[in-house]
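Next come a sequence and a model predicted from it.
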Amino acid sequence: MTEDVVRQRDVIELRHLRYFVAAAEHGSFRKAGAALGLSQSAISRCIADLEGHIGASLFHRHTSGVTQTYAGQRFLIRAREVIRRALLHKSCEGFIS
């Protein structure tokens, strides 16, 4: 295996960002899961995985839901931008031959 090969666990996927943004917007892993058609535990595991990737906590967890940490607030701006660019790229694929 060469250094050029990226291991799957080292990659932040677009779904990580989508789930993070949904949790931030809904203030709850349960509500984010409901909005995305997923379980609360799937959202929670994905967020924990994302936090492991970036090495920072993104949310304060409370019994009533979640609030963003300072790192989470900053990351939300970047995550939304990446998602926006990914959607823009996907919409432009049809124009490139």
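Now that the structure is in, tell me what you want to look at.

for the residue positioned nearest the centre of the chain, what are its contacts?
The C-alpha lying nearest the average C-alpha coordinate of the chain belongs to Leu17 (Cα atoms, centre = their mean; 2.1 Å). The contact partners of Leu17, taken as Cβ atoms under 8 Å, 6 or more residues apart in numbering, are 50, 79, 82-83. In short, each C-beta sits where N, CA and C put it, glycine included.

Of the residues you listed, just the buried ones, PyMOL syntax please.
Buried subset of the contacts of Leu17, written as a PyMOL selection, criterion 16 or more other Cβ atoms under 10 Å:
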select buried, resi 50+79
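
Any chance of TSV for the contacts of Leu17, columns distance to Ala24, secondary structure and pLDDT?
Below are the contacts of Leu17 laid out as TSV (distance: Cβ to Cβ, whole Å; DSSP: H, G, I helix; E, B strand; the rest coil; pLDDT from 0 to 100):
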residue	distance to Ala24	secondary structure	pLDDT
Leu50	12	helix	96
Ala79	8	helix	96
Val82	14	helix	95
Ile83	12	helix	95
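
Could you single out the nearest of the contacts of Leu17 to Gly37?
Ile83 (17.5 Å; Cβ to Cβ).

can you tell me which residues contact that closest one?
Counted by Cβ under 8 Å, 6+ apart, Ile83 has contacts 14, 17-18, 21.

ranges for the strands of this structure?
59-62, 65-68 (DSSP state E).

Output the ones you listed in TSV; the columns should cover mean neighbour count, mean pLDDT and distance to His89.
Formatted as TSV, these follow (neighbours: other Cβ atoms under 10 Å; pLDDT from 0 to 100; distance: least, Cβ to Cβ, whole Å):
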stretch	mean neighbour count	mean pLDDT	distance to His89
strand 59-62	14	97	28
strand 65-68	18	96	27
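
Out of those, which gets nearest to Leu38?
strand 65-68 (15.4 Å).

follow-up on the earlier one: quick one, which of the strands of the chain is nearest to Phe75?
strand 65-68 (8.3 Å).

The closest one pairs with which strands?
strand 59-62 (antiparallel) (DSSP bridges).

what's in contact with the partner strand?
23-24, 47, 66-69, 72.

same thing but 10 Å
For strand 59-62, the external contacting residues (Cβ atoms under 10 Å, 6 or more residues apart in numbering) are 20, 23-24, 27-29, 44, 47-48, 51, 65-69, 71-72.
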